[in-house]
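Novice: A predicted structure for the sequence below; I have some questions about it.
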Amino acid sequence: MRPGSDRLFGAGWFAFGAAVLAASWRMDRLEGLHINPWSVPGLLPGLLGALMILFGTALCLRRPVADGGGEPARGAAGGRIWLALVLCVGYAAGLLGHGLPFWLTSAGFMFVAILVFRWLDRDAETPSSLGRLALDHVPTCGVVAIELDQDSWRHLGHASSRCAYCAFPKEL
């Protein structure tokens with residue numbers, strides 16, 4: 001990364017966090033419905049916006065690390081940012097809500113993202129095959145898939161008249 005890029009990214013995160021915080025502050029609090037103060041709309045986005053402001057400020061103020069004059073790491077900043085953007089937009093716009101269950105889509109996204117970025121980070125002296133990396137991460141993504149699909153697993157233990165994947169009776 002260039003020496004000033006941390007400050008640029010920090011300023012960008014600060015500005016985005018301020019916009020999120022301002023938008024969350026303007027959200028309706030639903031006071032007429034006597035909503036619990038800890039569940040009002042805008043609370044979580046406001047906290048996330050405040051954290052973006054905090055970490056953006058920290059990124060702007062941190063002291064640049066003296067570079068040893070070496071070449072930048074393989075797959076450095078620009079390409080990795082675009083890759084993350086493509087993966088996230090592909091997940092959100094292309095996969096979610098288009099037929100596959102949420103747990104399967106999310107576990108698949110995590111598996112592919114971890115696999116791709118670990119492949120980019122592999123050490124040239126100890127190369128790992130793509131298959132080896134995949135086998136290393138299957139258990140992690142499997143556990144996440146099971147956690148995301150808790151509702152389906154919970155229904156398996158109930159009466160057999162209920163569908164295993166929803167709360168509706170099997171007749172439907």
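Specialist: Happy to help now that I have it. Since this is a predicted model, take the numbers as computed values, not measurements.
Novice: what about Gly46, neighbour count?
Specialist: For Gly46, the neighbour count with other C-beta atoms under 10 Å is 18. In this view, the C-beta of every residue, glycine as well, is placed from N, C-alpha and C.
Novice: Could you verify that it is part of a helix?
Specialist: Yes - according to DSSP: H, G, I helix; E, B strand; the rest coil, Gly46 belongs to a helix.
Novice: wait, what's in contact with it?
Specialist: By C-beta atoms under 8 Å, 6 or more residues apart in numbering, Gly46 lies in contact with Val20, Leu21, Ser24, Trp25.
Novice: and which of the residues you listed is nearest to Leu83?
Specialist: Val20 (24.0 Å; C-beta to C-beta).
Novice: what's the neighbour count on the closest residue to that closest one other than its chain neighbours?
Specialist: Leaving aside its sequence neighbours, Val20 sits nearest to Gly49 (C-beta to C-beta, 6 or more residues apart in numbering; 3.4 Å). Gly49 is flanked by 21 other residues according to other C-beta under 10 Å.
Novice: my read: Leu59 touches Gly10, true?
Specialist: Yes - with contact defined as C-beta atoms under 8 Å, Leu59 reaches Gly10; the gap is 3.3 Å.
Novice: ok, now how distant is the closest residue in space to Thr105 that isn't next to it in sequence from Gly108?
Specialist: Leaving aside its chain neighbours, Thr105 sits nearest to Leu95 (4.8 Å; criterion: C-beta to C-beta, 6+ apart). Relative to Gly108, Leu95 is positioned 8 Å away (C-beta to C-beta, to the nearest Å).
Novice: How about Phe117?
Specialist: Distance from Phe117 to Gly108, by C-beta to C-beta: 15 Å.
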